[in-house]
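> Coordinates only, no sequence provided:
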């Protein structure tokens, strides 16, 4: 949207320059000499064609503003697509990293907890081998739909890559994050698919009042990812909170 406005303003500025250029051209054409009186007569004669300047200004403004709006909208759409996973419609890894970094900046100002979930669809390879990649894609979309259903307006859902998904939840304590993760795990079990679906979920949180927890994007995501692998090691279809984090956080 900002690009659309910027390009439209550029069109407006161009529309000012177009009639001025036409005026200068006609003055040079009407000038019979280079003395001051001749220049005044040329300006007076050129200024009589006011309708031409209004038309040139308006038409230039319309054309360039419309072109700028379309160009800006196209740029915005391309920027959105570059951050979106085409299969699920969630953010991709690039979009997720950008949001994590921006949330960490807000965290330092608001002093509110932040939670990261890493969700891995159990047995995707088995689904693909037994039922084909279309069934695997359907399973991924089903998991994405469950994630989307649990997002608040301030939360972010993303497909990190392959069969791994992530949720970034602002103002969410460890205990609240575990409750959400358990709800997601239960909902995934209820999905109808070619094979029964389940997920392993790792949760990591940042508590601004504690220095024991990750305070940057990479460490936060590694902590959640490590908890997810521990959930798999426990037999899959589990939720695990990253080590060293208290469920009774703020």
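Received, thanks. Since this is a predicted model, take the numbers as computed values, not measurements. Numbers count the residues shown, from 1 in each chain.
> was I right about residue 157 contacting residue 146?
No: taking contacts as CB atoms under 8 Å, residue 157 lies outside contact range of residue 146: 9.8 Å. For glycine as for every other residue, the C-beta is placed from the backbone atoms N, C-alpha and C.
> wait, what's in contact with the residue nearest to residue 128 when sequence neighbours are not counted?
Spatial nearest neighbour of residue 128, chain neighbours left out: residue 136 (4.1 Å); criterion: CB to CB, 6 or more residues apart in numbering. Residue 136 is in contact with 124, 127, 128, counting by CB atoms under 8 Å, 6 or more residues apart in numbering.
> State the helix or strand in which the second one lies.
Element membership for residue 127, per DSSP states H and E: helix 124-131.
> what's in contact with that helix?
With CB under 8 Å, 6+ apart as the test, helix 124-131 has contacts from 135, 136, 139, 140, 162, 163, 193, 194, 195.
> Now, the residues you listed that are in helices?
Among those, DSSP state H puts 135, 136, 139, 140 in helices.
> ok, of those, which come out buried?
Buried members of the ones in helices among the contacts of helix 124-131, scored by 16 or more other CB atoms under 10 Å, are 135, 136, 139, 140.
> on that earlier part again, may I see the ones in helices among the contacts of helix 124-131 organised as JSON lines, with pLDDT and distance to residue 218 added?
Below are those laid out as JSON lines (pLDDT from 0 to 100; distance: CB to CB, whole Å):
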{"residue": "135", "pLDDT": "93", "distance to residue 218": "34"}
{"residue": "136", "pLDDT": "93", "distance to residue 218": "29"}
{"residue": "139", "pLDDT": "95", "distance to residue 218": "29"}
{"residue": "140", "pLDDT": "96", "distance to residue 218": "25"}
